[in-house]
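[1] for reference, the sequence and a predicted model appear below.
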Amino acid sequence: MEILNFNPAELESFLYVFVRVGVIILFSPILGSGAVPVKLRIGLILLISFLVFPSVKLLAMPQPRGGFALALYMISEATIGLAIAYAARLVFAAVQLGGTMIDFQMGFGVVNVIDPQTASQVSITAQFQNILAIFIFLATDVHHLIIQTIVDSFHTIDPSKFAFSSATMEIVVQLFAAAFVTGIKLAAPVMAILFFISVGLGLVARTVPQMNVFILGFPLQIAAGLIMVGLSMSLFSAMLQDYFAGLAGGFRGLLQSM
């Protein structure tokens, strides 16, 4: 096979690869961000497709009879890609959840910035932790894991036999629950300190009613929250790395269930 010199059977097989890779790249974290130029994303999709195709071209691919059957297979490929990209995006949803909870406790709930990845407003601490999560994501080669998952998906899932099962829904719920728990854990150290400060201020307000605890408490909570965010960076990194380490098993279970 020479590049751009496909026979009809190879062209159909390449379309399966291109659609699945394209959907994963377009909806995956970082690379799917609107901040990445469209031409760069298209070029990356083509490059990864050409790199992945030699490893899957010898697999038995369905031979569609007519345009309608081909469209159904393409929809199956797009759905598989969306499932993989969704599982990869959950970690950043967990980081944003944790950061939003911290900002709400600190009083930064109304201080929002635009997240380039999702083009939506997020709290300032959530965006800060999101950027750190991106660095950890790249430093631990999780993007390589996503590419490996793309290759494994062709060895695991036959597009003609693809179907969601109850096991698929159970794994999706487990991934969502794991992301939610991770977000709570990321915010727990800061929220615990802010909770104790709030309790202390409440006791001061009861014992010394002349003191305006609102004026005292607002800067105190901000200072304590920022200090704890800095002190918990090592814990933040360790928890994210543990979560990334479990992604391989999550991807494998998701593919096998489909």
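    Alright, I've got the coordinates.
[2] can you name the element that comes right after the top helix by length along the chain?
    Taking DSSP state H as the criterion, the chain has its longest helix at helix 166-207. The first helix or strand that comes after helix 166-207 along the chain, using DSSP states H and E, is helix 213-231.
[3] in three-state terms, label Gln121 for me.
    Following DSSP: H, G, I helix; E, B strand; the rest coil, we place Gln121 in the strand state.
[4] and it, how close does it get to His144?
    Between Gln121 and His144 the computed distance is 31 Å (Cβ to Cβ, to the nearest Å). The way it works is simple: take the backbone N, C-alpha and C, and place the C-beta from them, glycine included.
[5] same deal with Thr156?
    For Thr156 relative to His144 (Cβ to Cβ), the value is 18 Å.
[6] and Ile131, by the same measure?
    20 Å.
[7] now do Gln256
    Separation of Gln256 from His144 (Cβ to Cβ): 21 Å.
[8] of the two, which one has the most company?
    The residue with more neighbours, out of Gln256 and His144, is Gln256; 13 against 10, by other Cβ atoms under 10 Å.
[9] how about that one: what's its closest non-neighbour residue?
    The spatially closest residue to Gln256, leaving aside those adjacent along the chain, is Thr156, at 6.2 Å (Cβ to Cβ, 6 or more residues apart in numbering).
[10] count the neighbours of the one you found for me.
    By the criterion of other Cβ under 10 Å, Thr156 has 16 neighbours.
[11] any weak-confidence spans in the stretch 1-150 of the chain?
    For the stretch 1-150 of the chain, the stretches flagged by pLDDT under 70 are 1-10, 33-35, 57-67, 70, 109-120.
[12] er, the stretch 151-258 of the chain actually
    In the stretch 151-258 of the chain (pLDDT under 70), the answer is 158-165, 258.
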